[in-house]
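[1] from the sequence below, what's the structure:
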Amino acid sequence: MKLLPHIEVNPEEPVQSTVIWLHGLGADGNDFAPIVPELRLPAELGIRFIFPHAPSMPVTVNGGYVMPAWYDILEMSIDRKIDTEQLLKSAEAIEAFIDREIERGVPAHRIVIAGFSQGGAVAYQVAFGGRHTLAGVMALSTYFATSDTIHFTREDADFPVLVCHGTLDPVVPEALGQKACEQLKSRGFQPRYLTYPMEHQVCMEEINDISLWLRETLSFEV
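    Have a look, this model is predicted:
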């Protein structure tokens, strides 16, 4: 499969790990690339960051306006009616990045999948229903869109899961972040759930927490 257009940020040290980070609706990979230096991660972790650009498509809830999207949103109800087939297609496109990283010498257990909003819904699908056993998943201001249809390919309770959400989020209500955590707990997982007094965005406190989580998740045991 041909890779989606993307931004790649490589470390100065040899690559030891990879974070594949998916943007939200209407944005592109440039949305989160500037965060990399703000994470202040140890150079010895050798983390490569990949920020794919979603394809452009008409989005029903936005009047059919064509914009970058991982899938169409049909209704903005609390349960979010979406085009699941498109989400699964996007998940497969991200699996192609994982395949490429493995070919480049980064094993799946050193790869983290991260996503904001729509990108987070795809990240959940890749992490829990994908073909690879990843290092962890980071779900930011998002929801588990395929929780009722996914075939779980991961069952290990200690799989690292970080869920972050703004308590004032008017786009993806915090209740959806809580719901995702409860769904994962019902499967035996132990997500770390962090909230911030913000809307549908990322704040500096969250960036610091993400940095700490990545250090924990991708550190090498002595």
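[2] tell me how far L140 lies from R104.
    L140 is 26 Å from R104, where distance means C-beta to C-beta, to the nearest Å. From N, CA and C alone the C-beta is placed, and that goes for glycine too.
[3] quick one: which of these two has more around it?
    Between L140 and R104, counting by other C-beta atoms under 10 Å, L140 is the more crowded of the two (28 against 10).
[4] wait, what's in contact with that one?
    Contacts here follow C-beta atoms under 8 Å, 6 or more residues apart in numbering; on that basis L140 touches A114, G115, F116, S117, G120, C164, H165, V202, E206.
[5] need the contact list for R80.
    Shown in contact with R80 (C-beta under 8 Å, 6+ apart): I73, Y143, A145, L176.
[6] can you redo those as CSV with secondary structure?
    Output for the contacts of R80, formatted as CSV (DSSP: H, G, I helix; E, B strand; the rest coil):
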residue, secondary structure
I73, strand
Y143, coil
A145, coil
L176, helix
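[7] which of these sits closest to G129?
    Ranking the contacts of R80 by separation from G129, with C-beta to C-beta as the measure, puts A145 on top at 11.4 Å.
[8] in this structure, which spans are strands?
    With DSSP state E applied, the chain shows strands at 6-9, 17-22, 47-52, 56-59, 65-68, 73-75, 81-82, 111-116, 136-140, 161-166, 192-196, listed in chain order.
[9] can you redo those strands as JSON lines with distance to L88 and mean pLDDT?
    JSON lines is the format used below for these (distance: least, C-beta to C-beta, whole Å; pLDDT from 0 to 100):
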{"stretch": "strand 6-9", "distance to L88": "20", "mean pLDDT": "98"}
{"stretch": "strand 17-22", "distance to L88": "14", "mean pLDDT": "98"}
{"stretch": "strand 47-52", "distance to L88": "16", "mean pLDDT": "98"}
{"stretch": "strand 56-59", "distance to L88": "14", "mean pLDDT": "95"}
{"stretch": "strand 65-68", "distance to L88": "18", "mean pLDDT": "96"}
{"stretch": "strand 73-75", "distance to L88": "15", "mean pLDDT": "87"}
{"stretch": "strand 81-82", "distance to L88": "11", "mean pLDDT": "88"}
{"stretch": "strand 111-116", "distance to L88": "15", "mean pLDDT": "98"}
{"stretch": "strand 136-140", "distance to L88": "17", "mean pLDDT": "98"}
{"stretch": "strand 161-166", "distance to L88": "20", "mean pLDDT": "98"}
{"stretch": "strand 192-196", "distance to L88": "26", "mean pLDDT": "98"}
